[in-house]
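Novice: predicted coordinates and the sequence they were generated for:
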Amino acid sequence: KSGFVAIIGRPNVGKSTFLNRVIGQKIAIMSDKPQTTRNKIQGVYTDDEAQIIFIDTPGVHKPKHKLGDFMMKVALNALREVDLILFMVNAEEGFGRGEAFIIERLNEVNTPVFLVINKIDRVHPDELLPIIDRYKDLYTFAEIVPISALEGNNVERLLEQIKQRL
Ligand code: GDP
Ligand code: MG
């Protein structure tokens with residue numbers, strides 16, 4: 001099995017931390033060079049059963065300056081071309097305008113989306129359910145997976161779920 005997975009989310013939610021943990025020593029490619037104008041490969045995970053190519057998609061989160069229509073189309077097309085989108089949010093910060101902006105974009109693509117709620121090591125378990133409910137109201141996610149990219153909680157499980165989707 002192999003496939004392309006885009007990781008999107010506001011800055012500082014933990015996207016790089018997650019990738020570093022998943023790819024770790026298994027790293028095959030780690031490059032800042034744009035592979036195409038649309039996206040860049042951040043890393044490739046490989047094991048006996050799967051190869052997962054993680055893609056960074058610029059221009060999806062809320063821009064500081066107004067993005068041109070063209071740039072927005074480029075970003076959306078990139079999301080349409082991947083097999084799966086991981087939308088990462090920070091459990092500590094809850095839902096904000098940045099997340100609302102991304103969900104609007106997700107409504108324009110048909111690619112399945114996992115909501116990855118990161119930094120669960122920073123919140124009480126009771127705080128998780130309201131966050132999940134909030135997001136469930138806004139979008140139909142293929143999976144909702146709480147993790148701690150830093151401590152590793154649930155990361156293996158998320159990886160399994162990703163593989164099942166490829
Ligand atoms: P990115 O901008 O989305 O790539 O976010 P980074 O991976 O650079 O992480 C931003 C900050 O959040 C760093 O200081 C990380 O150490 C921290 N961080 C990432 N994941 C976790 C987590 O699961 N728990 C905690 N407590 N901190 C995290
Ligand atoms: Mg990063």
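Specialist: In hand now; what should we look at? Ligands and ions are numbered 1, 2, ... in the order given.

Novice: ok, the nearest residue to R80 once chain neighbours are set aside - contacts?
Specialist: Nearest non-adjacent residue to R80, counting by Cβ to Cβ, 6 or more residues apart in numbering: V109, 5.1 Å away. C-beta: built from backbone N, CA, C; applies to glycine. By Cβ atoms under 8 Å, 6 or more residues apart in numbering, the residues touching V109 are L76, L79, R80, I85.

Novice: how about the residues of this protein near ligand 2?
Specialist: Contacts of the chain with ligand 2, taken as Cβ under 5 Å from the ion, map to K15, S16.

Novice: what does the chain put close to ligand 1?
Specialist: Along the chain, the residues adjacent to ligand 1 under the rule Cβ under 6 Å from any ligand atom are 9, 11-17, 118-119, 121-122, 148-150.

Novice: for these, work out which two are farthest apart.
Specialist: P11 and D121 (19.4 Å; Cβ to Cβ).

Novice: pick out whichever of those two has more residues nearby.
Specialist: D121 (14 against 8; other Cβ atoms under 10 Å).

Novice: pretty sure the more buried one sits against S148.
Specialist: Yes. If you go by Cβ atoms under 8 Å, D121 and S148 touch, sitting 4.2 Å apart.
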